[in-house]
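> just a sequence and a predicted model for now, questions to come.
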Amino acid sequence: MTTSQASPQTPVETPARTVAFLSLGCRVNQAEESSYRQHSLESGWQIVDFRQSADIYIVNTCAVTLEAERQSRQMVRQAKRRNPDAKIVVTGCAGRSLERHPEVAELADLFIPNLQKDQLVSQLQQFLGEAPHPEFNFHFPAVEASRTTRLNLKISDGCFESCAFCIIPQRRGTVRSLPENDVITRLQAAYARGYQEVILTGVHLGAYGHEHGHHDLEALLERINATPDMPLIRLSSIDPHEITPRMIQALADSTRICPYLHIPIQSGSDTVLERMRRRDKRENMLNTVMALKAARPDISLTTDMIVGFPGESEEDFEQSYSLMDALGIHKIHVFPFSTRPGTRAAYMKDHLDPAIKAERVQRLLDLSRQRQQAWLNSWVGKDVNVLIERVTSEGIGKGYTPHYLRLHVQNCKESDWNTIQTVRVTSVDSEQEVAVAEAA
């Protein structure tokens, strides 16, 4: 087992290696995997599927819940079973915990801490005794060599918040942002490399530029609107209090920024929000969503809600339910509170009975299904643009619209892959949360 960067060995000539990747958890991990893939290709390595035998397995782990850590351990074990002689590299938010886990510590060969993971392939080359690549040319592969047609681009890392239920700031550090000019350069490079859509990602996306004393996301969006040769841009997730009037205007003015936002609300009770150490307040969140809808009436919105946070009363939950009802958000991702050791919430009193949490979760899920059904039905008969991300052997094109409507498009050809098609929505499948479409 080696922690971080091993002492360089004498470089030796080696045949092409096979390398496999697995990223658990958030879009930030997926964005980092894109970088690892490109740097591996430039190093002359061959990329294979994680389910195949490989010389190297790179597991980018998640620590948001204990279940995520369990899955991370499981993936390390699976990799070692596939090839007992393989080199196992562990990085990501669960890396610190897994390095102390006896089984994983024995199976893994190299642990790369989060603060060093941008240099993962270079560090791996040194560990393997290979001559380090002098300078990588790109931060992500061309779309043909990518695992996805929609590129996740990490523009910031880390978080300065201290939400009581979250351990990620402890694992990722504070906010570190990619300079605006670099973001623009990478977006234009993505467009030149064949990507039709890029998702701007960050652990705390709304805090982009925070380390410089101000939040710069609104200025970046304005710059994106004014710059030619750009793909469609989607924002991954942003807290309500970081949605400014200037940002709303940039969204309203844009034909390039997708009219879709994921806004983690977590609770509709000011009392619970305070216990969660969230910066948002119920009234402000309501005003923000109403301002978004006024400026961009067609905007699609999704959210996260935590149910059963320690001390949540029936009245607190009713406030959450009534806020979700009032906002009309089209999909609610509902999570029953689960204890995460190492967080403030783990030491709080008044944890709720699982049966109470389950009943409240079900109520919010029922509301979410109603909203989702109405939202899906609202698209029937309309013409929409969709990025075809995959074409099945049956000729079904699968992809998402700018509003994040998931579509199955009939009678697609292989040549439609990675193109934006105008189609007409003909029906919906509520159980699968997908709409069916045909050529307009």
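Perfect, thanks for sending it.

> tell me the secondary structure for Ala20?
Of the three states, Ala20 takes strand under DSSP: H, G, I helix; E, B strand; the rest coil.

> neighbours of it, how many?
Neighbour count of Ala20, defined by other C-beta atoms under 10 Å: 23. To be clear about C-beta, it is placed using only N, CA and C from the backbone, and glycine gets the same treatment.

> show me the contacts for it.
47-50, 52, 54, 56-58, 79 (C-beta atoms under 8 Å, 6 or more residues apart in numbering).

> among the residues you listed, name the ones in helices.
Residues of the contacts of Ala20 located in helices (DSSP state H): Ala79.

> for this structure, name the helix or strand with the lowest mean pLDDT.
Every helix and strand in the chain was compared by mean pLDDT, DSSP states H and E; the lowest is strand 2-3, with a mean of 51.

> how is this structure partitioned into domains?
Domain segmentation of the chain under automatic domain parsing yields 2-128, 143-377, 383-439.

> got the end-to-end distance for the longest one?
One end of domain 143-377 to the other measures 33 Å (C-alpha to C-alpha, to the nearest Å).

> so is Val423 in a helix, a strand, or just coil?
With three-state DSSP as the criterion, Val423 reads strand.

> so how many other residues sit close to it?
The burial count for Val423: 24, using other C-beta under 10 Å.

> make 40 the first number, not 1, from now on.
Renumbered: residue one is now 40, and that last one reads Val462.

> spatially nearest residue to it (excluding sequence neighbours)?
Ala476 (4.0 Å; C-beta to C-beta, 6 or more residues apart in numbering).

> run the chain-centre distance for stretch 390-400.
Averaging C-alpha positions (C-alpha atoms, centre = their mean, to the nearest Å) puts stretch 390-400 28 Å from its chain's average.

> can you pull the contacts of Leu271?
By C-beta under 8 Å, 6+ apart, the contact list for Leu271 reads 235-237, 295-297, 426, 441.

> is it bridged to anything, and to what?
Leu271 has the following beta-bridge partners by DSSP bridges: Glu236.

> for the stretch 40-189 of the chain, give me the ranges with low pLDDT.
40-54 (pLDDT under 70).

> on that earlier part again, mind checking which of the contacts of Ala59 are buried?
86-87, 89, 93, 95-97, 118 (16 or more other C-beta atoms under 10 Å).

> quick one: contacts for Ser136?
Contacts of Ser136 (C-beta under 8 Å, 6+ apart): 102, 108.

> what's the spacing between it and Pro152?
From Ser136 across to Pro152, the span is 12 Å (C-beta to C-beta, to the nearest Å).

> hang on, the earlier thing: ok, of the contacts of Leu271, which come out buried?
Of the contacts of Leu271, these count as buried by 16+ other C-beta under 10 Å: 235-237, 296-297, 426, 441.

> out of the residues you listed, which one sits closest to Leu362?
Nearest to Leu362 among those, counting by C-beta to C-beta, is Cys297 at 24.5 Å.

> before we move on, the earlier item: and the contacts of Leu271, which is closest to His372?
Once C-beta to C-beta is applied, the member of these that ends up nearest His372 is Cys297, at 18.4 Å.

> wait, that closest one sits on Arg273?
Yes - between Cys297 and Arg273 there is a contact at 4.3 Å, judged by C-beta atoms under 8 Å.

> now the strands for the stretch 140-289 of the chain?
149-151, 189-196, 215-216, 236-241, 271-274 (DSSP state E, counting those that start in this stretch).

> closest to Leu391 out of those?
Using C-beta to C-beta, the nearest of the strands of the stretch 140-289 of the chain to Leu391 is strand 236-241, at 31.7 Å.

> ok, and what's touching that closest one?
65-67, 69-70, 188-196, 216, 222, 226, 229, 247, 270-275, 297, 426.

> off-centre distance for that strand?
8 Å.

> can you check stretch 173-184 too?
Mean-position distance between stretch 173-184 and its chain equals 20 Å (C-alpha atoms, centre = their mean).

> just give me the neighbour total for Asn176.
Quick note: Asn176 (other C-beta under 10 Å) scores 9 neighbours.

> ok, it to Asn264 distance?
From Asn176 to Asn264 the distance is 28 Å (C-beta to C-beta).

> cool, Ser73 as well?
On the measure of C-beta to C-beta, Ser73 and Asn264 end up 24 Å apart.
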